[in-house]
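K.L.:
Return a 3D structure for these sequence lines:
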Amino acid sequence: MFLDTPGACEGGIQISKVTEESCTLSWKPPLEDGGDEVSHYLVERRDTNRLNWVFIAYKTVTSKCSKTSFKIEGLMEGMLYYFRVLPENIYGVGEPRETSDVVLVCEVPHPPRKLEVVDVTKSAVSLGWEKPEHDGGSRLTGYVVEACKFGTDKWMKVASLKLTDFEHTIEKLNEGEQYLFRIKAINSRGAGEAKELVAPYEHRIIAINARGLSKPSLPSKPAVASDPIGERSATPK
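P.N.:
Predicted coordinates for the structure are as follows:
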């Protein structure tokens, strides 16, 4: 039997549990162990300059990993990384298996800010908001607006919006019926938490002519923040 160092780990390296400062790698043992059982694995990382992709050498994260998974900590949010795993037996270190794609260390974005009802008509509600304070370490790609009828939990996506959209009108609502609305920011990791809304809203109509403003109408039923994760109710009038 020909004795040698191990071959590369079978298949690819799987990335999971990515946060703003860590991620977990998992892999399979090599098909060719070189004639002796793999005793442990070396795990290495390579930082990549996001602006000009300057090559930086691999650095060893651990040389004594005895399992086929490893959590890498101490990463920097928004940075790009490559990782590789090298099996080792009594004859030495084997062939490396590298992640096929660069890994962006990030989380889902924070909720959008200052979500409010800016207008209410008989069959529509207009919402406005500002971008999140933090994008999670990955550039925002857009927003999702969801709605459900008050008293139910059947949320429906009513709009997928561009990054530059900060207002949206939800139409074809039933007059006199209450609705809940929420909005989430999106990045490469997915949708963040819904925006929390804290203030009630009253819709009044004021007529105007050459003599000036009329007295305001009676207030509509308020749009009330009624859920801690950030939902708002509104009644079209």
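K.L.:
Does residue 148 touch residue 170 like I think?
P.N.:
No. In this structure residue 148 lies outside contact range of residue 170 using Cβ atoms under 8 Å: 11.5 Å. (C-beta placed from N, C-alpha, C; glycine too.)
K.L.:
what is in contact with the two at once?
P.N.:
residue 179 (Cβ atoms under 8 Å, 6 or more residues apart in numbering).
K.L.:
Kindly state the domain boundaries assigned to the protein.
P.N.:
Domain ranges of the chain: 14-104, 113-234, per automatic domain parsing.
K.L.:
So for the shortest one, first residue to last residue, what's the gap.
P.N.:
I take that to be domain 14-104. For domain 14-104, the first and last residues are 14 Å from each other (Cα to Cα, to the nearest Å).
K.L.:
Start at 160, not 1
P.N.:
Happy to do that; since the first residue is 160 now, the last one works out to domain 173-263.
K.L.:
Contacts for stretch 170-178, please.
P.N.:
Residues external to stretch 170-178 that are found in contact with it (Cβ under 8 Å, 6+ apart): 182-187, 230, 242-244, 256-259, 262, 264-266, 348.
K.L.:
Mark which of the residues you listed are buried, thanks.
P.N.:
Neighbour-count burial (16 or more other Cβ atoms under 10 Å) is assigned, among those, to 182, 184, 186, 242-244, 256-258, 262, 264-266, 348.
K.L.:
Between those, which sits nearest residue 318?
P.N.:
residue 348 (20.6 Å; Cβ to Cβ).
K.L.:
do you know how far the closest one is from residue 293?
P.N.:
Applying Cβ to Cβ, to the nearest Å, the value for residue 348 to residue 293 is 12 Å.
K.L.:
Likewise for residue 174?
P.N.:
Following Cβ to Cβ, the distance that separates residue 174 from residue 293 is 22 Å.
K.L.:
and those two? which has more neighbours close in?
P.N.:
Neighbours were counted for residue 174 and for residue 293 using other Cβ atoms under 10 Å; residue 174 has more, 17 against 14.
K.L.:
ok, what's across the strand from the more buried one?
P.N.:
residue 184 (DSSP bridges).
K.L.:
excluding its backbone neighbours, what's nearest the residue nearest the centre of the chain?
P.N.:
Taking Cα atoms, centre = their mean, the centroid of the chain lies closest to residue 267, which sits 2.5 Å from it. Leaving aside its chain neighbours, residue 267 sits nearest to residue 351 (4.2 Å; criterion: Cβ to Cβ, 6 or more residues apart in numbering).
K.L.:
Tell me if I'm right that that neighbour and residue 291 touch.
P.N.:
Yes. Between residue 351 and residue 291 there is a contact under Cβ under 8 Å: 6.9 Å.
K.L.:
where's residue 352, which helix or strand?
P.N.:
Using DSSP states H and E, residue 352 maps to neither a helix nor a strand.
K.L.:
Neighbouring strands of the helix or strand residue 345 falls within in the sheet, and parallel or not?
P.N.:
Assigned by DSSP H and E, residue 345 belongs to strand 338-346. Applying DSSP bridges, strand 338-346 is found paired with strand 301-308 (antiparallel), strand 349-350 (antiparallel), strand 390-393 (antiparallel).
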